[in-house]
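Novice: can you look at this prediction? I've put the sequence above it.
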Amino acid sequence: MKLGHIDIGNIPLMLAPMENITDSVYRQICRRHGADMVFTEFISSEALARDIDKSKSKFNHTEQEKPIGIQIFGHDPENMALSARMAEQANPLVIDLNFGCPVRKVVAKGGGAALLKDVNRMIAITKAVVKAVDIPVTAKTRLGWDINSVNIKEVAFRLQDAGIDMLTIHGRTRSQMYGGVADWEIIGEIARHPYFTIPLIGNGDIQSAEDAKMRLENYPVDGLMIGRSAMGYPWIFNEIKSYLHTGTIPVEPNIKERISVCRNHLKQSIPAKGEERAVFEMRKFYKNYFKGIHNFKPFRTRLFGAKSLAEVNAVLEEINDEFIDRL
């Protein structure tokens with residue numbers, strides 16, 4: 001599958017954009033573990049229009065992260081076009097439009113999934129961005145605002161007509177947030193529709209290699225985007241690839257490898273964030289870094305309570321000593 005001048009592979013596996021999760025350090029980790037493409041955290045077009053340095057810093061990425069998409073969100077076509085031009089200067093592969101974020105702070109400002117209730121504005125934004133930049137434009141959205149207003153077919157066809165080069169669909173409505181079950185039947189209907197010709201990426205409830213294979217066998221999407229299941233478990237990308245190509249899933253990472261990746265994740269986050277903030281934000285990752293380990297809860301509690309790199313490393317050493325022969 002090609003985006004612009006880059007071939008990102010047959011059935012590419014992509015890391016979903018996640019706020020306060022998919023920063024540069026974690027994107028690099030996921031690329032090393034098999035992600036074919038990654039996306040930045042979403043970036044506010046309103047903040048970019050006001051020239052806020054914190055938002056502009058989210059453009060930053062390394063060569064090791066490429067191919068990468070920069071995702072922007074907002075409700076004003078002019079600001080979105082301006083933001084896209086700014087993002088283009090960072091030399092990403094694509095500009096990705098966030099039309100699916102369900103969180104209140106985004107929706108309340110008319111961005112993200114709120115645009116599923118104003119498709120005309122969504123299309124105006126898309127056309128403005130496509131016109132503003134010379135690189136591919138992609139979009140990520142949901143099925144609709146709620147179960148009574150599922151309009152993804154209209155949205156998908158109109159976004160294609162507006163000039164996007166790829167569409168990712170999360171199989172939930174905004175009202176579902178991240179609960180319930182992702183509906184892949186509608187994703188499959190769009191993928192099979194003769195009018196829809198651009199690459200379609202499926203997203204939602206891909207929690208294992210078996211899930212990925214089942215989705216691909218039943219729904220003719222061009223690739224998969226993985227979000228929460230990759231949070232603290234970057235190994236999922238190579239596990240999926242192995243299962244698709246060989247029919248076997250690699251043995252889960254041992255405790256030494258888990259500790260090594262976790263420790264390096266924290267260490268590499270400190271220069272950009274500072275030690276206190278980096279240690280605090282790592283709390284979101286510990287559950288999945290050490291998932292499946294019996295009787296791990298007391299150690300996870302201690303990791304949550306650690307306030308410095310030294311304290312975290314001390315707990316990790318104890319974890320190694322405790323579980324080295326069990327996993």
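Specialist: Great, that's in hand.

Novice: what about the protein, any weak spots by pLDDT?
Specialist: Segments of the chain classed as low confidence (criterion: pLDDT under 70) are 326-327.

Novice: domain-wise, how is it divided?
Specialist: Using automatic domain parsing, the domain ranges for the chain come out as 2-246, 255-323.

Novice: ok now the longest one, how far from the chain's centre?
Specialist: Okay, so that is domain 2-246. Between the centre of domain 2-246 and the centre of its chain there are 7 Å (C-alpha atoms, centre = their mean, to the nearest Å).

Novice: start and end of that domain, how far apart?
Specialist: Taking C-alpha to C-alpha, to the nearest Å, the first and last residues of domain 2-246 lie 24 Å apart.

Novice: for stretch 90-105, same thing?
Specialist: Stretch 90-105 end-to-end distance (C-alpha to C-alpha) = 26 Å.

Novice: and stretch 136-152, which residues are buried?
Specialist: For stretch 136-152, a neighbour-count test (16 or more other C-beta atoms under 10 Å) marks 136-145, 150-152 as buried. For glycine as for every other residue, the C-beta is placed from the backbone atoms N, C-alpha and C.

Novice: show me those residues that map onto helices.
Specialist: Among the buried residues of stretch 136-152, the subset assigned to helices under DSSP state H consists of Ile152.

Novice: as JSON lines, the buried residues of stretch 136-152 with distance to Leu13 would be great.
Specialist: Formatted as JSON lines, the buried residues of stretch 136-152 follow (distance: C-beta to C-beta, whole Å):
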{"residue": "Pro136", "distance to Leu13": "18"}
{"residue": "Val137", "distance to Leu13": "21"}
{"residue": "Thr138", "distance to Leu13": "16"}
{"residue": "Ala139", "distance to Leu13": "19"}
{"residue": "Lys140", "distance to Leu13": "15"}
{"residue": "Thr141", "distance to Leu13": "20"}
{"residue": "Arg142", "distance to Leu13": "20"}
{"residue": "Leu143", "distance to Leu13": "22"}
{"residue": "Gly144", "distance to Leu13": "26"}
{"residue": "Trp145", "distance to Leu13": "29"}
{"residue": "Val150", "distance to Leu13": "26"}
{"residue": "Asn151", "distance to Leu13": "28"}
{"residue": "Ile152", "distance to Leu13": "22"}
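
Novice: next secondary structure after the helix or strand where Pro298 lies?
Specialist: Assessed by DSSP states H and E, Pro298 sits inside helix 297-305. Beyond helix 297-305 in the direction of the C-terminus, DSSP H and E gives the next helix or strand as helix 309-323.

Novice: buried ones in that next one?
Specialist: Residues of helix 309-323 classed as buried: Leu309, Val312, Val315, Leu316, Ile319, Phe323 (neighbour count, 16+ other C-beta under 10 Å).

Novice: neighbouring contacts of the longest helix seen in the chain?
Specialist: Longest helix of the chain, by residue count under DSSP H: helix 255-273. Residues outside helix 255-273 that contact it (C-beta atoms under 8 Å, 6 or more residues apart in numbering): 23-26, 28-29, 234, 253, 278-279, 281-282, 285-286, 289-290, 293, 309, 312-313, 316, 319-320, 323-324, 326-327.

Novice: at 6 Å instead, please
Specialist: Val25, Ala278, Met282, Tyr289, Leu316, Asn320, Phe323, Ile324, Leu327 (C-beta atoms under 6 Å, 6 or more residues apart in numbering).

Novice: with stretch 289-299 instead?
Specialist: Against stretch 289-299 from outside (C-beta under 6 Å, 6+ apart): Gly232, Arg258, Cys262, Ile319.

Novice: just send those back as JSON lines, with distance to Ile6 too.
Specialist: Shown next, in JSON lines, are these (distance: C-beta to C-beta, whole Å):
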{"residue": "Gly232", "distance to Ile6": "28"}
{"residue": "Arg258", "distance to Ile6": "32"}
{"residue": "Cys262", "distance to Ile6": "31"}
{"residue": "Ile319", "distance to Ile6": "40"}
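
Novice: filter the residues you listed to the buried ones?
Specialist: Buried by 16+ other C-beta under 10 Å: Gly232, Arg258, Cys262, Ile319, out of the contacts of stretch 289-299.

Novice: in what helix or strand does the first one lie?
Specialist: Put plainly, it is Gly232. In the assignment (DSSP H and E), Gly232 maps to no helix and no strand.

Novice: residues in contact with it?
Specialist: Counting by C-beta under 6 Å, 6+ apart, Gly232 makes contact with Phe285, Asn288, Tyr289.
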